[in-house]
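Asks: Here's a sequence, model it:
(one chain, ligands or ions: 2)
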Amino acid sequence: MGHGELRGVVALDGPSGTGKSSAARRLAAALGARYLDTGAMYRAIALAVLRAGVDPEDAERVAEVARAAALEQGDDPERSTTVLDGADVGAEIRGPEVTLAVSPVSAVPQVRELLVARQRAIIAAALAEAGGIVVEGRDIGTVVAPDAGLKVYLTADAQARAQRRARQDSASGRASTVDATLADVRRRDAYDSTRAVSPLRPAADAVELDTTSLDLKGVLAALVDLVERRGLRVVAVGG
Ligand SMILES: Nc1ncnc2c1ncn2[C@@H]1O[C@H](COP(=O)(O)OP(=O)(O)O)[C@@H](O)[C@H]1O
Ligand SMILES: Nc1ccn([C@@H]2O[C@H](COP(=O)(O)OP(=O)(O)O)[C@@H](O)[C@H]2O)c(=O)n1
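Replies: Ligands and ions are numbered 1, 2, ... in the order given. As a prediction, the model looks like this:
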């Protein structure tokens with residue numbers, strides 16, 4: 001057992017731009033826990049599909065690419081790495097081509113089966129080594145970690161989410177407008193919420209947190225409060 005202050009799993013789900021990655025990373029760092037970005041794993045498989053020249057809508061071939069891909073997702077909140085076939089793809093998986101391809105790729109049942117199994121293995125190892133992990137995605141509370149000690153479903157107005165994402169894209173040197181980003185956010189919301197397997201939806205026992213008018217500090221404070229009220233925060237005694 002490690003010395004982190006978080007005990008167990010915190011599941012953060014919700015649509016794009018609600019602040020899952022930022023909040024999950026900060027929460028994990030604050031509590032000495034591990035951090036798992038499951039969206040990065042789906043994005044890496046989508047990148048592998050594009051590199052193979054496979055149509056993201058061709059479920060059978062997408063499943064083959066997923067099985068053949070060598071994917072390593074790190075769980076350090078200070079440095080979350082995604083390595084595909086030996087090379088770091090952290091920047092490339094945020095590009096517009098991958099963003100366009102990721103929803104159909106992640107709707108393929110065999111892709112989900114494969115990645116959910118990997119995610120559960122990463123979570124088990126993190127619990128054994130560090131005691132706690134914050135996991136973010138679309139189906140963490142419903143499918144990946146249904147026994148999580150705390151499940152939070154983040155929401156925010158689509159307009160606010162598009163503004164955040166567009167600002168983030170231009171800060172990373174990617175051209176984007178709020179209108180185009182809003183269209184993308186709406187398209188992915190619709191695709192992710194209506195797919196047959198593990199659609200995006202809050203778990204029955206999730207706490208909903210609307211981040212529209214909160215800054216990142218406010219979101220972190222709300223999450224730390226929820227963790228404490230669940231009794232999931234322990235203050236390490238001695239070594
Ligand atoms: N509450 C917030 N207020 C202002 N900006 C935010 C907030 N939450 C996230 N952001 C910014 O919005 C962008 C998208 O956030 P991110 O955490 O990647 O969202 P998600 O993982 O849900 O898609 C980032 O640039 C982040 O800094
Ligand atoms: N647990 C997850 C995480 C992501 N995904 C898919 O992966 C895509 C990218 O996830 P992400 O979290 O990186 O996306 P953003 O919210 O950061 O834009 C989502 O639009 C979903 O299609 C999923 O199906 N299940």
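Asks: Report the residue spans of this structure with pLDDT below the cut-off.
Replies: 1-3, 236-239 (pLDDT under 70).
Asks: any idea where the helices of it begin and end?
Replies: Residue ranges of the helices in the chain, as given by DSSP state H, are 20-30, 38-51, 59-68, 96-106, 109-130, 158-171, 178-194, 216-229.
Asks: Export those to JSON lines and append columns for distance to residue 202.
Replies: C-betas here are computed from N, CA, C, even on glycine. Converted to JSON lines, the helices of the chain look like this (distance: least, CB to CB, whole Å):
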{"stretch": "helix 20-30", "distance to residue 202": "13"}
{"stretch": "helix 38-51", "distance to residue 202": "16"}
{"stretch": "helix 59-68", "distance to residue 202": "27"}
{"stretch": "helix 96-106", "distance to residue 202": "18"}
{"stretch": "helix 109-130", "distance to residue 202": "18"}
{"stretch": "helix 158-171", "distance to residue 202": "16"}
{"stretch": "helix 178-194", "distance to residue 202": "11"}
{"stretch": "helix 216-229", "distance to residue 202": "14"}
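Asks: so which of those helices gets nearest residue 140?
Replies: In terms of CB to CB, the element of the helices of the chain nearest to residue 140 is helix 38-51, at 6.8 Å.
Asks: and that closest one, anywhere near ligand 2?
Replies: Yes: residues of helix 38-51 contacting ligand 2 under CB under 6 Å from any ligand atom: 38, 39, 40, 42, 43.
Asks: Would you convert those into TSV that also reports distance to ligand 1 and neighbour count?
Replies: Shown next, in TSV, are these (distance: CB to the nearest ligand atom, whole Å; neighbours: other CB atoms under 10 Å):
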residue	distance to ligand 1	neighbour count
38	11	23
39	7	18
40	10	21
42	12	24
43	11	25
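Asks: can you name the two of those residues that are farthest apart?
Replies: Taking CB to CB, the two most distant members of the residues of helix 38-51 next to ligand 2 are 38 and 43; they sit 9.7 Å apart.
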